[in-house]
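>>> quick one: sequence plus predicted model below, questions after.
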Amino acid sequence: MRLETTYRPGVIPLPTEKASVEHILDIRSWCDKLLSFRTTRSRSFRFQPGQFVRLGMKSDKGGVIWRPYSMVSADYDEYLEFFSILVPDGAFSDRLSRAAVGDEMYVEKSPYGYLTTSRFVGGEDLWLLASGTGIAPFLSILRDLAVWGQYENIVLAYSVREARELAYQEEIVGLGSDELFADAKARLQYVPIVTRESVPGMLDRRLTELIRDGSLEQRVNLPLDQARARLLLCGNPQMLDDLRGILQERGLRPDRSREPGNFASENYW
Ligand SMILES: Cc1cc2nc3c(=O)[nH]c(=O)nc-3n(C[C@H](O)[C@H](O)[C@H](O)COP(=O)(O)OP(=O)(O)OC[C@H]3O[C@@H](n4cnc5c(N)ncnc54)[C@H](O)[C@@H]3O)c2cc1C
């Protein structure tokens, strides 16, 4: 997944052969380690909500640093939006933390990934379970009108350590009153989870525990039932590993191309 390339004429193709050159339009800082940025979007770039694309930024050493990023923006937005962690000593993080409006951003021409609702067969309730920046693909999925027509209930559980890491709160809460979804059949229930602070009205235990002991189901008054539930999981690999085990203990199955099931996941590292 990780690529760091130094471009030598005639040896490694220039980034523009596989990527379009876009420009940063806007940068929004959430806290010292989280930011969102928008870029211009090539008219030919198409993706399904939930997919990711490889982004490239020129490094100070002369190469290009590539990292995969999920699209936050809707498939119909004229721009692309991404939500990013700034990891201490991370090569991409370091470059991104110094980025400015107008800077170049390479965006590969083809998106990737199967963390999409189109993969599922049937189901009444869509559960979107995110840790940290794993919320990114779900923000795009939640702006897809087809998803609001496909399910009766949508549950978004977004787990972070500290309340200041909860990004996109106004946007998420505003979805319920967005006129775009006014006639949609689905009802959205949003469950923010903060594990290292006690915040009134928010759950404060790990997502794994909340699923294991049924607290999340009680909170939204829906069962994690094999016939009804379809789940997408995204973020921290250890948490996702634990979650997959707990879901399987509950009789839910991974969704595979030849064997339709209940859940699919995407690890961020
Ligand atoms: C399919 C896919 C989609 C991704 N989408 C996103 C996205 O939308 N937003 C995003 O911020 N990152 C996303 N990532 C991770 C991203 O590609 C980079 O790893 C991240 O931006 C850090 O890059 P870096 O070069 O600074 O550090 P890296 O050298 O890539 O990572 C260093 C370490 O930082 C930690 N780390 C990496 N990514 C994260 C993260 N997202 N949250 C917490 N800790 C992390 C891990 O411990 C990792 O070993 C995605 C990864 C994959 C595989």
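Sure, I can see it.
>>> what about Ala146, how many neighbours?
12 (other CB atoms under 10 Å). (Each C-beta comes from the backbone N, C-alpha and C, glycine too.)
>>> and for Lys18?
Residues lying near Lys18 (other CB under 10 Å) number 14.
>>> which residue sits closest to it in space, ignoring its chain neighbours?
The spatially closest residue to Lys18, leaving aside those adjacent along the chain, is Glu108, at 5.8 Å (CB to CB, 6 or more residues apart in numbering).
>>> for the one you found, what are its contacts?
Shown in contact with Glu108 (CB atoms under 8 Å, 6 or more residues apart in numbering): 18-19, 53-56, 66.
>>> could you list the domains of the protein?
What the record gives for the chain is the domain set 3-108, 117-267, from automatic domain parsing.
>>> list the contacts for Ser110?
Val53.
>>> and the strands in this structure, which stretches?
In the chain, the segments counted as strands under DSSP state E are 3-5, 19-31, 34-40, 52-58, 64-70, 79-85, 104-108, 125-131, 153-160, 187-194, 229-235, 263-267.
>>> returning to what we had before: drop anything exposed from the contacts of Glu108.
19, 53-56, 66 (16 or more other CB atoms under 10 Å).
>>> show me the shaky parts of this structure.
1-14 (pLDDT under 70).
>>> quick one: name the residues of it near the ligand.
1, 52, 67-70, 82-85, 87, 90-93, 132-133, 136, 266, 268-269 (CB under 6 Å from any ligand atom).
>>> show me what residue of the stretch 51-200 of the chain gets nearest to the ligand.
For the stretch 51-200 of the chain, the residue closest to the ligand is Gly90, as judged by CB to the nearest ligand atom, at 2.0 Å.
>>> from Gly149, how far out is the spatially closest residue to Ser29 that is not a sequence neighbour?
Distances taken as CB to CB, 6+ apart place Leu35 nearest to Ser29, at 4.8 Å, with adjacent residues excluded. Separation of Leu35 from Gly149 (CB to CB, to the nearest Å) stands at 33 Å.
>>> so between these two, which is more surrounded?
The residue with more neighbours, out of Leu35 and Gly149, is Leu35; 20 against 12, by other CB under 10 Å.
>>> doesn't Arg98 make contact with the more buried one?
No. Leu35 lies out of contact with Arg98 (CB atoms under 8 Å); the separation is 11.6 Å.
>>> in the chain, where's the longest helix?
helix 237-249 (DSSP state H).
>>> show me what it is packed up against.
Judged by 3 or more CB pairs under 8 Å, 6 or more residues apart in numbering; DSSP states H and E, helix 237-249 is in contact with strand 125-131, helix 207-212, strand 229-235, strand 263-267.
>>> redo those as TSV? Include distance to Asn153 and mean neighbour count.
Formatted as TSV, the helices and strands packed on helix 237-249 follow (distance: least, CB to CB, whole Å; neighbours: other CB atoms under 10 Å):
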stretch	distance to Asn153	mean neighbour count
strand 125-131	4	26
helix 207-212	16	20
strand 229-235	10	25
strand 263-267	16	20
